[in-house]
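Participant: pasting the sequence and the predicted model now:
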Amino acid sequence: MGRQPLCRRVSFIPQVTSFIPLGVSVYNLQEVHLNIEELEAIRLKDIEELELEECAREMDVSRTTFSRILDSARKNIADALLLGKAIHIKGGNFEVSAIRQFRCPMGCKWYVASEPMIKRLPDNCPRRKAQKLEATEACGRICQKHTNE
């Protein structure tokens, strides 16, 4: 029997958790499940464009484990896109690192992890250079396991 996988560290929990293709009958609709760690791997590698080593460090896993998570995520997304399946994001085995969300007057939103915030709070919006910022949400370190349901 294998050992229990360790919690992966994530910094982003999506507000939208389902994507359904148009033109597919609800009765014939199949689902692909994407867990939170897989979504975090996609975010770090494909959106943030970090190197594999940096991504693995962010998630507190080895580089090979990160590669395996990323490959699984990409396979699930490709399966859904090519075969017209719904994508449902839920569950996994993760812990949420402390994050804080900021918003500028122009409507940009972004998240800052706790480690960089300890050194210094952001002065302005990274996109529009607006000077007045509003912290919209703060959450401490949430270290609970979220298992597949």
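Facilitator: All right, it came through fine.

Participant: quick one, phi/psi of Ile13?
Facilitator: Backbone torsions for Ile13, taken as degrees, to the nearest 10, come to phi -120, psi 120.

Participant: thought Ile36 was touching it, still the case?
Facilitator: Yes: counting by CB atoms under 8 Å, Ile36 is a contact partner of Ile13 at 6.8 Å. Glycine gets a C-beta too; all of them are placed from N, C-alpha and C.

Participant: so which residues of this structure form helices?
Facilitator: For the chain, applying DSSP state H gives helices covering 36-42, 52-59, 63-83, 114-119.

Participant: quick one, the second one and helix 63-83 angle?
Facilitator: Taking axes from the mean of the first three to the mean of the last three CA atoms, to 10 degrees, one finds helix 52-59 and helix 63-83 inclined to each other by 90 degrees.

Participant: mind listing the strands for this protein?
Facilitator: For the chain, strands defined by DSSP state E occupy the ranges 8-10, 18-19, 31-34, 86-89, 94-96, 99-103, 109-113, 134-139.

Participant: okay, the residue nearest to Asn35 when sequence neighbours are not counted and Phe12: tell me how far apart.
Facilitator: In this structure, Asn35 finds its nearest non-sequential neighbour in Gly92, 3.4 Å apart by CB to CB, 6 or more residues apart in numbering. Distance, Gly92 to Phe12, using CB to CB, to the nearest Å: 13 Å.

Participant: swap in Pro21?
Facilitator: 24 Å.

Participant: higher neighbour count, those two?
Facilitator: The residue with more neighbours, out of Pro21 and Phe12, is Phe12; 16 against 13, by other CB atoms under 10 Å.

Participant: domains of this structure?
Facilitator: Domain assignment of the chain by automatic domain parsing yields the ranges 8-93, 99-139.

Participant: where among these is the average confidence lowest?
Facilitator: Per-stretch mean pLDDT for the domains of the chain is lowest at domain 99-139 (a mean of 56).
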